[in-house]
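J.: sharing a sequence plus its predicted fold:
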Amino acid sequence: MLNQFSIYLEIEKLNSVNLKATTSTALLLLPSKFCEEELYAKVCSLSYMGDLRMLFAEDKKKSLPPDFLTILHTEIQANG
């Protein structure tokens, strides 16, 4: 049975893998030349693709969590 710390570490690992995959997908979908803001926007948009709630229930202009861009920037710098 996993203790809370093990569960936390597993979640952190899965979040990191997910962010790497999302960033890679965003890079494949962007044109050959893009700015950092476009990369962030593409990463964010991927989480909403296929989510039917976006058609009628979610606020399409809601803001990102304050630390999201820092986390994403750090992950991109660390993984090239």
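T.: Everything's here; your move.

J.: who's in contact with Cys35?
T.: Residues near Cys35 by CB atoms under 8 Å, 6 or more residues apart in numbering: none. (C-beta placed from N, C-alpha, C; glycine too.)

J.: how much space separates it from Lys42?
T.: Separation of Cys35 from Lys42 (CB to CB, to the nearest Å) stands at 11 Å.

J.: cool, Ile71 as well?
T.: 16 Å.

J.: for Ser32, which three-state class applies?
T.: Secondary structure, DSSP: H, G, I helix; E, B strand; the rest coil: Ser32 is coil.

J.: run a quick neighbour tally on it.
T.: 4 (other CB atoms under 10 Å).

J.: same deal with the one 4 residues further on?
T.: Neighbourhood size, Glu36 [other CB under 10 Å]: 11.

J.: what's the helix or strand for the residue lying closest to it once chain neighbours are set aside?
T.: With sequence-adjacent residues excluded and distances taken as CB to CB, 6 or more residues apart in numbering, Glu36 is closest to His73, at 7.9 Å. His73 is part of helix 68-79, with elements assigned from DSSP states H and E.

J.: for Glu37, same thing?
T.: According to DSSP H and E, Glu37 maps onto helix 36-46.

J.: higher neighbour count, Ile71 and Lys42?
T.: Comparing Ile71 with Lys42 by other CB under 10 Å, the one with more neighbours is Lys42, at 18 against 13.

J.: please verify my assumption that that one contacts Pro31.
T.: No. Checked against CB atoms under 8 Å, the pair Lys42 and Pro31 is beyond contact range at 10.4 Å.

J.: give the residue spans of this structure that score low on pLDDT.
T.: Scanning the chain for pLDDT under 70 picks out 1-2, 54-66, 79-80.
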